[in-house]
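1. Fold the following for me, if possible:
(one chain, ligands or ions: 1)
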Amino acid sequence: MIHHSTDREAGAVEQYLEESLGLQVESLEKGREHGRAAGLPPIEVSAGQGKFLQLLAEMIGARRVLEIGTLGGYSTSWLALGAGPSGKVVTCEFEPLHASVARENLERSGLADRVEIKLGAARGTLDTLIAKRSEAFDLIFIDADKRNNVIYLERALELSHPGTVLVVDNVVRGGAILDDPGQLGSQEADVRGVQESLLWLRDHPRISATALQTLGSKGWDGFALARVL
Ligand SMILES: C[S@@+](CC[C@H](N)C(=O)[O-])C[C@H]1O[C@@H](n2cnc3c(N)ncnc32)[C@H](O)[C@@H]1O
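-> Alright, predicted model coming up:
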């Protein structure tokens with residue numbers, strides 16, 4: 001994370017944009033508060049990013065959405081809004097507390113019937129979906145342990161069809177992706193995971209990708225956006 005005055009200004013601008021555009025949805029914000037009260041870390045997407053996910057799902061007419069990394073179900077809820085009442089979101093989470101907070105939040109906001117929370121390590125969940133020949137997903141949001149990003153991307157591709165959109169969160173990490181991978185210790189495995197995932201996106205013949213930087217109350221970051229060819 002960067003730590004200078006731009007951080008504070010970016011936080012104020014984020015709040016201004018949220019207020020001017022009326023981005024916050026009351027039931028979703030209550031869910032976020034519920035997560036805080038239950039001790040969940042404040043690492044969910046912003047309202048602006050959540051609305052971006054909703055709009056993206058609506059723009060591509062996504063009916064089947066896969067999420068890796070549920071936390072308290074905040075981004076899940078935005079994706080569920082985007083998928084619509086006839087849509088479905090499958091979301092992967094391995095922390096039982098996070099999954100139960102997410103379940104409660106989704107129930108309270110009336111979105112639970114279009115969301116399936118898969119409790120367990122995401123890799124195993126994805127392998128099971130692949131083994132069961134799950135119907136392909138239209139939109140896949142990857143936001144879990146970044147060190148496993150390439151594993152998730154490989155499996156996401158197996159669960160995709162031509163035109164599936166992939167979003168990978170936190171690919172800038174306050175600029176830490178500039179660090180030399182050869183000098184990174186184990187604590188920076190997530191940074192290395194992001195670096196490797198960007199190369200994977202560049203090199204895979206079935207992928208067309210970009211990345212956009214973001215700045216907000218949680219600092220400097222960004223997301224990769226890709227289309228399966
Ligand atoms: C950044 S948070 C997700 C935030 C959420 N997408 C949002 O914006 O509201 C990452 C979540 O992934 C979960 N997670 C981390 N590693 C995982 C794994 N290997 N399998 C499943 N879930 C995992 C964490 O417990 C955490 O809840």
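2. So which residues on this structure come close to the ligand?
-> Taking C-beta under 6 Å from any ligand atom as the criterion, the neighbours of the ligand within the chain are 43-45, 69-71, 74-75, 92-95, 98, 121-122, 143-145. C-betas here are computed from N, CA, C, even on glycine.
3. would you list every one of the helices in the chain?
-> 5-21, 26-37, 47-59, 74-83, 96-108, 122-131, 149-158, 189-203 (DSSP state H).
4. List the contacts of R64.
-> A83, G87, K88, V90, E135, A136, F137, D138, L139 (C-beta atoms under 8 Å, 6 or more residues apart in numbering).
5. Spatially central residue for the chain, please.
-> Nearest residue to the geometric centre of the chain (C-alpha atoms, centre = their mean): D143, 3.8 Å.
6. just checking, that one touches G50?
-> No - here D143 lies out of contact with G50, judged by C-beta atoms under 8 Å, at a distance of 11.4 Å.
7. okay, and the common contacts of those two?
-> S75.
8. Model confidence score at the closest residue to G61 other than its chain neighbours, please.
-> Nearest residue to G61, sequence neighbours excluded (C-beta to C-beta, 6 or more residues apart in numbering): D138, at 7.3 Å. Model confidence at D138, given as pLDDT, is 98.
9. Ok, Q183 next?
-> For Q183, pLDDT reads 61.
10. what's the answer for L159, then?
-> 98.
11. what's the closest non-adjacent residue to it?
-> L159 sits nearest to F137 (C-beta to C-beta, 6+ apart), 5.4 Å away.
12. what's the distance between the one you found and K30?
-> Distance, F137 to K30, by C-beta to C-beta, to the nearest Å: 28 Å.
13. Which one of those two is surrounded by more residues?
-> Set F137 next to K30 and count neighbours by other C-beta atoms under 10 Å: F137 wins out with 25 against 13.
14. pretty sure the more buried one contacts E67?
-> No - under the criterion of C-beta under 8 Å, F137 makes no contact with E67, lying 9.5 Å away.
15. Derive a PyMOL selection command for the buried subset of the contacts of R64.
-> Buried residues within the contacts of R64, by 16 or more other C-beta atoms under 10 Å, are selected in PyMOL with:
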select buried, resi 83+87+88+90+136+137+138+139
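16. So which of the contacts of R64 sit within strands?
-> Per DSSP state E, strands hold the following members of the contacts of R64: K88, V90, F137, D138, L139.
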